[in-house]
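K.L.:
next one to model:
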Amino acid sequence: MTILWLPLAAIAELVKRVLSALLYPLAYALRFCAREGVILWPEYLFHPDNVLIWVFLDDSAALEYGKEYANKPKYFPDFIWDTNSDFLKAYWWAAIRNSCVNWNNWRAFKLGTMTSEEPHTAKNFCVTRTFSSGGKRPYCEFWLFGKWNQIGWIKRGRFEIDVMKSRTYP
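P.N.:
The predicted structure is shown next:
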């Protein structure tokens, strides 16, 4: 039954990415009003002051790098990294590359980490994972044209979609 969640979650992910690209500039401008400064989850989240703005930001980058983006050139296209614009770097990082990071981290914080998974032996599989909050979520992993793909809730409680990644079969 929980496998029916996957198409709905994929559609929600698409909507989230579009909203992030459109609304991130507003969130960036109001970012100082969105956080209380109190850490909710060490290394990941501040306690939100304005949730509607806060969900579009990336507190984990702010906590680790002191900026709204990962301050390393390997994460950016050269034409963005070579600019002196913190906004463009933050927009690429938090709105395009990783949309709604705080929303994803908050959901992972509430769901908890994976405690068990249905057994599987096949290289292509769909399983139900149980998390420390008691929630059950689906996860599928499969190979297509020699490339690895995954969709579902990963072990740390985040929903992820990875398509056509280079990876060796274990």
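K.L.:
separation between N98 and A21?
P.N.:
12 Å (C-beta to C-beta, to the nearest Å). (Each C-beta comes from the backbone N, C-alpha and C, glycine too.)
K.L.:
I'd like the average pLDDT over the helix or strand where L8 lies.
P.N.:
If you go by DSSP states H and E, L8 is part of helix 5-29. Averaging pLDDT along helix 5-29 yields 89.
K.L.:
tell me which residues of that helix come out buried.
P.N.:
W5, L6, A9, E13, K16, L19, S20, L23, Y24, A27, Y28 (16 or more other C-beta atoms under 10 Å).
K.L.:
and those residues, which is closest to T121?
P.N.:
L6 (21.1 Å; C-beta to C-beta).
K.L.:
surely that closest one and Q150 touch.
P.N.:
No: taking contacts as C-beta atoms under 8 Å, L6 lies outside contact range of Q150: 10.9 Å.
K.L.:
please enumerate the shared neighbours of those two.
P.N.:
Overlap of the contact sets of L6 and Q150 (by C-beta atoms under 8 Å, 6 or more residues apart in numbering) consists of C140.
K.L.:
okay, now the domains of this structure?
P.N.:
As given by automatic domain parsing, the domain ranges for the chain are 12-111, 114-165.
K.L.:
select from the ones you listed the stretch with the lowest mean pLDDT.
P.N.:
Mean pLDDT per stretch puts domain 114-165 lowest among those, at a mean of 87.
K.L.:
can you give me the end-to-end distance of it?
P.N.:
23 Å (C-alpha to C-alpha, to the nearest Å).
K.L.:
ditto for stretch 66-81
P.N.:
With C-alpha to C-alpha as the measure, what separates the two termini of stretch 66-81 is 17 Å.
K.L.:
same question, stretch 63-72
P.N.:
15 Å.
K.L.:
residues contacting it, please?
P.N.:
Under the criterion C-beta under 8 Å, 6+ apart, residues 28, 31, 39, 43-44, 46, 57-58, 61-62, 75, 86, 89-90, 92-94 lie in contact with stretch 63-72.
K.L.:
buried residues, that stretch. List them.
P.N.:
In stretch 63-72, counting by 16+ other C-beta under 10 Å, buried: E68, Y69, A70.
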